[in-house]
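Enquirer: Provide a 3D model corresponding to the input given below.
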Amino acid sequence: MTSSPTPGIQGKHATLTPRHSANLWLTKALGNGFGLGGGLNYVGARDADPLNTVTLPGYTTVDAMAYYRQGAWDLQLKLNNLFDRRYIVSGHGSSANLNLPGAPRSAQLIARYRF
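Expert: Residues are numbered from 1 along each chain as shown. Below is the predicted model:
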């Protein structure tokens, strides 16, 4: 609950702060330099404005990745938001109508060389 000299905000929940959130990521080496991984990101419902008149719904996204490691080289393919979940990731915080959508499904190909 918020403590504030502003009467309308006194006792309200903090803006854009979920009560619950969690992130879990697991990887498994398959041998010969290959591996797989997957993760979940959970964000609970949160209030979008100081007066708590609009609540952003909670969401869960799923990510996946595959990698190959050989010597000093790493090659990784990562898929973010695997199921293309539509969600509101954040808001402005001072207004209930300035909400930002989360990123759609995307892919990253990453190459690393360790010196």
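Enquirer: Now the phi/psi pair for the spatially most central residue of the chain, please.
Expert: Closest residue to the average C-alpha location of the chain: Asn41 at 5.3 Å, with C-alpha atoms, centre = their mean. With angles defined as degrees, to the nearest 10, Asn41 sits at phi -130, psi 120.
Enquirer: His13: what's its closest spatial neighbour, skipping adjacent residues?
Expert: Asp47 (5.0 Å; C-beta to C-beta, 6 or more residues apart in numbering). For glycine as for every other residue, the C-beta is placed from the backbone atoms N, C-alpha and C.
Enquirer: and that neighbour, how far is that from Ser21?
Expert: Going from Asp47 to Ser21 by C-beta to C-beta, to the nearest Å gives 14 Å.
Enquirer: which of those two has more neighbours?
Expert: A direct count of neighbours by other C-beta atoms under 10 Å for Asp47 and Ser21 places Asp47 higher, at 22 against 12.
Enquirer: What ranges does the chain have for its strands?
Expert: Taking DSSP state E as the test, the strands found in the chain are 21-31, 34-43, 46-47, 55-56, 59-70, 73-80, 88-91, 99-101, 106-113.
Enquirer: ok so, going back, so the residue nearest to the centre of the chain sits right up against Asn23, yeah?
Expert: Yes - using C-beta atoms under 8 Å, Asn41 is in contact with Asn23, at 5.1 Å.
Enquirer: Show me where this protein dips below the pLDDT cut-off.
Expert: 1-8, 93-96 (pLDDT under 70).
Enquirer: which residues are contacting stretch 60-75?
Expert: Contacts to stretch 60-75, defined as C-beta atoms under 8 Å, 6 or more residues apart in numbering, come from residues 25, 27, 33-43, 76-83, 85, 87, 102, 109-115.
Enquirer: buried subset of those?
Expert: 35, 37, 39, 41, 43, 76, 78-82 (16 or more other C-beta atoms under 10 Å).
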